[in-house]
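> curious how this folds, go ahead:
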Amino acid sequence: QVQLVESGGGLVQAGGSLRLSCAASGSIFGMSAMGWYRRTPGKQRDLVARITGGGSTAYADSVKGRFTISRDNAENTVYLQMNNLKPEDTAVYYCNAQYYSGDYNWGRGTQVTVSS
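Numbers count the residues shown, from 1 in each chain. Next comes the predicted model:
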């Protein structure tokens, strides 16, 4: 089973940038897409961005034009470049791997805090 390890979270001022990384280890056979989700206290985990093996991307409306998802297939790593961060982007960000079977894996999450 794939293990997902996130890194790159932290504290940044509004208008700043952060780059999250998610490294997948283990067998990635059957993986259809990887993505980033986020959750704030008391709310559900929402999609931020996802990318398929073929490179197709999708973004939440709230991050379009500010966030960019990319992947390095050779390194089994997915990135989330976050620019022009806003206080409302503060959340725990989770990496997600989806499979053609319908299964999925989650990372443990990384905290992103944006101060105003």
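> for beta bridges, what are the partners of the spatially most central residue of the chain?
For the chain, the residue nearest the mean C-alpha position is Trp36 (2.4 Å; C-alpha atoms, centre = their mean). Applying DSSP bridges to Trp36 gives these bridge partners: Ala49, Cys95.
> pLDDT averaged over the host helix or strand of Arg19 - what is it?
For Arg19, the element it lies in under DSSP states H and E is strand 18-25. Averaging pLDDT along strand 18-25 gives 95.
> how about stretch 62-73?
So the average pLDDT for stretch 62-73 ends up being 95.
> contacts for it?
34-36, 48-51, 53, 55, 57, 59, 77-85, 88-89 (C-beta atoms under 8 Å, 6 or more residues apart in numbering). (Glycine included, C-beta is placed from N, CA and C.)
> ok, of the residues you listed, which come out buried?
Burial by neighbour count, 16 or more other C-beta atoms under 10 Å: within the contacts of stretch 62-73 this picks out 34-36, 48-51, 59, 77-80, 82, 85, 89.
> and which of those is nearest to Asp103?
Met34 (13.3 Å; C-beta to C-beta).
> right, I'll call it a day here.
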